[in-house]
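> give me coordinates for this.
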Amino acid sequence: MSKLFKQIDEKLVDGEQRWTYELKIIFNYQSIIQVTITDYYQAKHGDAITNELILNILQIKLDKVDPLPESHLWNRNIFRWEISYQGKKYRLIFWFKAGTTNHLWIRNCYPID
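The predicted model follows:
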């Protein structure tokens, strides 16, 4: 499968590494054109999770999915999504980047039993 994502930015903000990618998917009936992944997952799950894995999960499993948010914190809808990918289960925690409807902010991803 060809990759439908391309890195467009990488920066360190307040001690947090952030990578931004172009990624074209449909999520909750919205066209998503960008995704930012933070390094939060690396503290506990860096041995099992990579940015490429997260992007593949988004590209293959999140495209055309319309889940409801699980909670509402910090004036945003938080999505806590569980998915099977390549025989393993993962939990992905994300939201829309502040002030956007076309940019997802990926906070965490980790394997689950």
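> chain center to the strand or helix carrying Trp105, what's the gap?
Secondary-structure element containing Trp105, defined by DSSP states H and E: strand 103-112. Centre-to-centre, strand 103-112 and its host chain are 4 Å apart (Cα atoms, centre = their mean, to the nearest Å).
> chain center to stretch 5-17: distance?
Distance, centroid of stretch 5-17 to centroid of chain: 14 Å (Cα atoms, centre = their mean).
> re the thing from before, what are the buried residues along the strand holding Trp105?
By 16 or more other Cβ atoms under 10 Å, the buried positions in strand 103-112 come out as His103, Leu104, Trp105, Ile106, Arg107, Asn108, Cys109. Bear in mind the C-beta positions are built from the backbone N, C-alpha and C, glycine included.
> out of these, flag the one nearest to Gly46.
The closest of the buried residues of strand 103-112 to Gly46 turns out to be Cys109 (Cβ to Cβ; 10.7 Å).
> partner residues bridging the closest one?
Cys109 has the following beta-bridge partners by DSSP bridges: Leu92.
> and Lys44, what helix or strand is that in?
helix 42-45.
> longest strand in this structure, please.
The longest strand of the chain (DSSP state E) is strand 16-27.
> so how far is the very next helix or strand once past the helix holding Lys44 off the chain centroid?
Toward the C-terminal end, the helix or strand that comes next after helix 42-45 (DSSP H and E) is helix 51-57. Mean C-alpha position of helix 51-57 versus that of the full chain (Cα atoms, centre = their mean) differs by 8 Å.
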